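Participant: need the 3D shape of this:
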Amino acid sequence: MTEYEAGQIKSNGRTKGTWNVKKGFPHMQERGVIMDVTTVEQAKIAERAGAVAVMLLDKLPYDIRKSGGIARTASCALFEEIRSHVTIPIMMKCRIGHVGEARIIEEVGADCIDESEVLTPADTEHHIWKHDFRTPFVCGCTDLGSALRRIEEGASMLRSKGEPGTGDVKHAIVHFNRIKEELRKIHAARNEPHELMKYAREFKVSYDIVKKTAELGRLPVTIFAAGGIATPADAAFMMSLGCDGIFVGSGIFKSEDPQVRAQAVVLACTFYDHPNIVLQAQKMVNEKLSMDGIDMDISVDEARWEIRGSNI
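Facilitator: Sure, this is the predicted structure:
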């Protein structure tokens, strides 16, 4: 029996990964950069730059915003082609609530499933019950309540929703600061059961998960920053706020210097607490070659992806 097989259990006739196995995968990605890719060449660039994993999409978030229409999960044939060219883990996105897409992603052999608001939501009232899958899930969150709801559903990794494809990092910053403030509040109330019960009702989660999180003083799973990260400085700043790693995509591959920029973002993420190294990383990129940004403050609310699934 392999080590992986030993970490599996049988439930309802299906092979399922244990919680420790599901938490272990994102834990191994910590202090790293996961890059959105749409082609084999982009995946190769990500691997050469030092990315810890890639996230496969049909289109980059920037292009999804520009093209509109319905965004679905990426091609399984493309997944298999990329798998034959890179050695790092490959994640894939499915639509919120789309169990069918998630089952296909699991069957093709993806290392992690992202139930993502970047794609067009399939269910506006429910997320996927992730405990039914052997593959780990990552989900977006904007505050502590949505984070804990996703964990109770079985997500073993979280990320800020930000506003992917915009090059505007402020939304991810707002999310992380909001989560940190709410964590501070429940940590201060960790010895007050009545207060914790109020938070459980407010967050629409169980008392037990609120109590555990309050005692830890942090989320009980890995959390990355995502959405609008486009420069080494962005990556270093998000790491300094306390996230465990970085998702980046359009900021790399919609720029005119993707290989250099990818390397610079990885460098800044890894050495975020060394300003001299972050400076060297920032010097590597040319702002004139950056992607064109999108200011979401002048867009209609419906154009914001952070609201997709946030109230579920």
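Participant: any low-confidence regions in the stretch 51-200 of the chain?
Facilitator: The stretch 51-200 of the chain contains residues with pLDDT under 70 at 164-165.
Participant: chain center to the strand or helix carrying Glu115: distance?
Facilitator: According to DSSP states H and E, Glu115 maps onto strand 112-116. Distance of strand 112-116 from the chain centroid (CA atoms, centre = their mean, to the nearest Å) equals 8 Å.
Participant: list the buried residues for that strand?
Facilitator: Cys112, Ile113, Asp114, Glu115, Ser116 (16 or more other CB atoms under 10 Å). All C-beta spots, glycine's among them, are computed from the backbone N, C-alpha and C.
Participant: so what secondary structure elements neighbour it?
Facilitator: strand 90-95, helix 99-108, strand 137-141 (3 or more CB pairs under 8 Å, 6 or more residues apart in numbering; DSSP states H and E).
Participant: now do stretch 64-73: distance from first to last residue.
Facilitator: 12 Å (CA to CA, to the nearest Å).
Participant: centre of the chain to that stretch, how far?
Facilitator: For stretch 64-73, the distance to the chain centre is 19 Å (CA atoms, centre = their mean).
Participant: so which residues make contact with it?
Facilitator: 57-59, 92-95, 98, 101, 104-105, 118-120, 165-166, 294, 303 (CB atoms under 8 Å, 6 or more residues apart in numbering).
Participant: may I see the PyMOL selection of the buried members of the residues you listed?
Facilitator: In PyMOL, a selection of the buried entries from the contacts of stretch 64-73 looks like this (16+ other CB under 10 Å):
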select buried, resi 57+59+92+93+94+95+98+101+104+105+118+119+165+166+294
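Participant: circling back: let me have the buried residues of strand 112-116 in CSV, extended by distance to Val40.
Facilitator: Compiled in CSV, those are given as follows (distance: CB to CB, whole Å):
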residue, distance to Val40
Cys112, 19
Ile113, 21
Asp114, 20
Glu115, 25
Ser116, 21
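Participant: could you look up the SS state of the most centrally placed residue in the chain?
Facilitator: Of all residues in the chain, the one closest to the mean position by CA atoms, centre = their mean is Arg159, 3.8 Å from it. Following DSSP: H, G, I helix; E, B strand; the rest coil, the label given to Arg159 is strand.
Participant: check Phe224 too.
Facilitator: Taking three-state DSSP, the label given to Phe224 is strand.
Participant: contacts only, for it.
Facilitator: So Phe224 contacts Gln29, Ile34, Val138, Met157, Leu158, Arg159, Ser160, Cys243, Asp244, Gly245, Ile246, Phe247 (CB under 8 Å, 6+ apart).
Participant: and for Val33?
Facilitator: 49-52, 235, 245-248, 262, 265-266, 269.
Participant: make it 10 Å
Facilitator: 46, 49-54, 224, 229, 235, 245-248, 252, 262-263, 265-270 (CB atoms under 10 Å, 6 or more residues apart in numbering).
Participant: hey, what's Asp114 bridged with?
Facilitator: In this entry, Asp114 is beta-bridged to Lys93, Val138, by DSSP bridges.
Participant: ok, it touching Pro26?
Facilitator: No. Applying CB atoms under 10 Å as the test, Asp114 and Pro26 come out as separate, 11.2 Å apart.
Participant: now for these two: what residues contact both?
Facilitator: Joint contacts of Asp114 and Pro26 (CB under 10 Å, 6+ apart) are Ile34, Phe137, Val138, Ala155, Met157, Arg159.
Participant: of these, closest to Asn177?
Facilitator: Arg159 (15.3 Å; CB to CB).
Participant: and the gap between the closest one and Phe224?
Facilitator: 4 Å (CB to CB, to the nearest Å).
Participant: sounds good, over and out.
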